[in-house]
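1. pasting the structure only:
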DNA sequence: ACATAATGTCAAGTATAATTTACAATTTAT
DNA sequence: ATAAATTGTAAATTATACTTGACATTATGT
């Protein structure tokens, strides 16, 4: 299940996967895999992503 | 940083750590460690915990 | 058409979440 | 006071998130 909310929130900030990865302190592949829905990130990483994109957990990771 | 929101949400449902663990399909120690704040659970586990306690991610895992 | 940035994906390694087993400490009820 | 349930914690193992490096593909701009 792809995470399109994340993808579009990133687009709304005009950030590349690499730029978002840098803001969160993870690799580009990790961001890519999360958007693609391959795996199951940690809550701390989710929180960092949310902060980088000015969103909350419910907005990006709740169904 | 202990997760007191989780602890009190569990208490509000009158569930033991073991019962919540069973509802989420994880071990009691995992629930204990999350409440204690030792580590960094996966988002999917957080979502399962939220559903078991009728809460959202923001309510239990957002600061 | 060409160059460059952005994305998709894979394999091998490292870090750490989560498990099991076990026991001690604390709480709750009888 | 005693027993039973709940919680805290620890060591060893397994599962998996995440990294690094590399290459192919798709978009964006000149």
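-> Structure received. These numbers come from a predicted model, not from an experiment. Numbering: from 1, shown residues only, chains lettered A, B, ... in the order given.
2. Get me the contact residues on chain A for DNA strand C.
-> A:16, A:17, A:18, A:28, A:29, A:32, A:33, A:35, A:36, A:42 (CB under 7 Å from any atom of the strand). Backbone N, C-alpha and C define where each C-beta goes, glycine included.
3. Which ones among these also lie next to DNA strand D?
-> Okay, of those touching DNA strand D (CB under 7 Å from any atom of the strand), that's A:29, A:33, A:42.
4. And the buried ones among those, selectable in PyMOL?
-> Selection of buried members from those for PyMOL, criterion 16 or more other CB atoms under 10 Å in any protein chain shown:
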select buried, chain A and resi 42
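5. Please report phi then psi for residue A:62.
-> phi -100, psi 140 (degrees, to the nearest 10).
6. Now do the same contact list for it.
-> Contacts for residue A:62 (CB atoms under 8 Å, 6 or more residues apart in numbering or on different chains) come out as B:47, B:56, B:57, B:58.
7. what about 10 Å?
-> A:5, A:56, B:43, B:46, B:47, B:50, B:56, B:57, B:58 (CB atoms under 10 Å, 6 or more residues apart in numbering or on different chains).
8. Would you check the distance separating whichever strand or helix holds the fourth one from the middle of the chain?
-> Taking DSSP states H and E as the definition, one finds residue B:46 inside helix B:43-52. Relative to the mean C-alpha coordinate of its chain, helix B:43-52 is positioned 7 Å out (CA atoms, centre = their mean, to the nearest Å).
9. how about it, does it get close to chain A?
-> Yes. For helix B:43-52, a contact with chain A is found by CB under 10 Å from any CB of the partner chain, at B:43, B:44, B:45, B:46, B:47, B:50.
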